[in-house]
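[1] sequence unavailable; structure follows:
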């Protein structure tokens, strides 16, 4: 009974774990989908606003067109700087301080853009025309600051790329020179072959020198054994060397090109 209860409890725990994991995955998927939809909506809204501002700056001269042009210039500069900094910090972490400065500058840019947007709906065109010089100056300051950050980041990345390219070019030139210097390879091969030959000859001479005393000692021992056995030394050496002992009484070998000897006459 206790074993069955434990099995049921374990199955319930596993079931609740799977249910919790499924709920967490569902929440994450819904959140990711929501963020994707929000990004799409934001991008579409920006595209519509930029198109509207371009149309107003061209089709509506005067105060309305000037306000639209100021907003368009401000948005384009800030957006380009943001893209350059956030993409550059992936390769150069020193741009993090520049991003902090840009975030502070962005607050001023958002405030100015909101103010320009409100002024577009204001019916008092005369008052807006009087404020246009001040609005242009503020827009120009923010735009110049954003442009300065953007171009500094691009110049830094370009400098690093140029330095890396110069170093790579030097390394390639060195390697190319080494590959073209084929005149040294045969000389190196000959020197290596000569050194190997000298080493082999030295080793052979050393082996011969080491084996010399042993051979002499072996020959002396063989002569002593021959003397004790009453055999000639030459016979002993021949026997030790494995050569058959000469037999003077054996007939000489006959060859087919020799003439048969004449028998001696007895008279």
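    Done, it's in. These numbers come from a predicted model, not from an experiment.

[2] and the longest helix along the chain, how far out from the chain middle?
    Criterion DSSP state H: the longest helix present in the chain is helix 2-59. Counting by CA atoms, centre = their mean, to the nearest Å, helix 2-59 is centred 37 Å from the centre of its parent chain.

[3] helices or strands next to that helix in the packing?
    Where contact means 3 or more CB pairs under 8 Å, 6 or more residues apart in numbering; DSSP states H and E, helix 2-59 is packed against helix 63-88. Any C-beta I mention is one placed from the backbone N, CA and C, and that applies to glycine too.

[4] shaky segments in the stretch 151-267 of the chain?
    182-193, 210-267 (pLDDT under 70).

[5] same thing with the stretch 1-150 of the chain?
    1-3, 37-39, 42.

[6] the same query, at a cut-off of 90, please.
    Scanning the stretch 1-150 of the chain for pLDDT under 90 picks out the ranges 1-65, 88-96, 120-126, 128.

[7] which residues touch stretch 98-107?
    78, 81, 82, 85, 86, 89, 142, 145, 146, 149, 152, 153 (CB atoms under 8 Å, 6 or more residues apart in numbering).

[8] ok, of those residues, which one's closest to residue 204?
    residue 89 (69.9 Å; CB to CB).

[9] would you list the phi and psi of the closest one?
    Backbone torsions of residue 89, given as degrees, to the nearest 10, read phi -70, psi -20.

[10] burial count for it?
    If you count neighbours by other CB atoms under 10 Å, residue 89 ends up with 16.

[11] state the distance from the nearest residue to residue 52 once chain neighbours are set aside to residue 141.
    Nearest non-adjacent residue to residue 52, counting by CB to CB, 6 or more residues apart in numbering: residue 68, 7.9 Å away. Applying CB to CB, to the nearest Å, the value for residue 68 to residue 141 is 19 Å.

[12] name the element residue 61 belongs to?
    Remark: residue 61 resides in no helix or strand, with elements defined by DSSP states H and E.

[13] distance check, it against residue 67.
    12 Å.

[14] out of these two, which sits in the more crowded spot?
    The residue with more neighbours, out of residue 61 and residue 67 and counting by other CB under 10 Å, is residue 67; that gives 25 against 10.

[15] now do the contacts for the more buried one.
    Residue 67 neighbours (CB under 8 Å, 6+ apart): 116, 119, 120, 128, 132, 135.

[16] and the gap between it and residue 127?
    Per CB to CB, residue 67 is found 13 Å from residue 127.

[17] sorry, back to before: what's the most distant pair in the contacts of stretch 98-107?
    89 and 142 (21.1 Å).

[18] the residue nearest in space to the middle of the chain sits in which helix or strand?
    Nearest to the mean C-alpha position of the chain, by CA atoms, centre = their mean, lies residue 168 at 14.3 Å. Element membership for residue 168, per DSSP H and E: helix 125-180.

[19] got the angle between that helix and helix 63-88?
    Between helix 125-180 and helix 63-88, the angle comes out at 30 degrees (axes from the mean of the first three to the mean of the last three CA atoms, to 10 degrees).

[20] any idea how far helix 125-180 is from the chain center?
    On CA atoms, centre = their mean, the centre of helix 125-180 falls 28 Å from that of its chain.

[21] show me what it is packed up against.
    Using 3+ CB pairs under 8 Å, 6+ apart, the elements in contact with helix 125-180 are helix 63-88, helix 96-120.

[22] mind giving me JSON lines with those helices and columns for distance to residue 57?
    Converted to JSON lines, those look like this (distance: least, CB to CB, whole Å):
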{"stretch": "helix 63-88", "distance to residue 57": "4"}
{"stretch": "helix 96-120", "distance to residue 57": "12"}
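
[23] now, of these, which is deepest in the fold?
    helix 63-88 (a mean of 19; mean count of other CB atoms under 10 Å).
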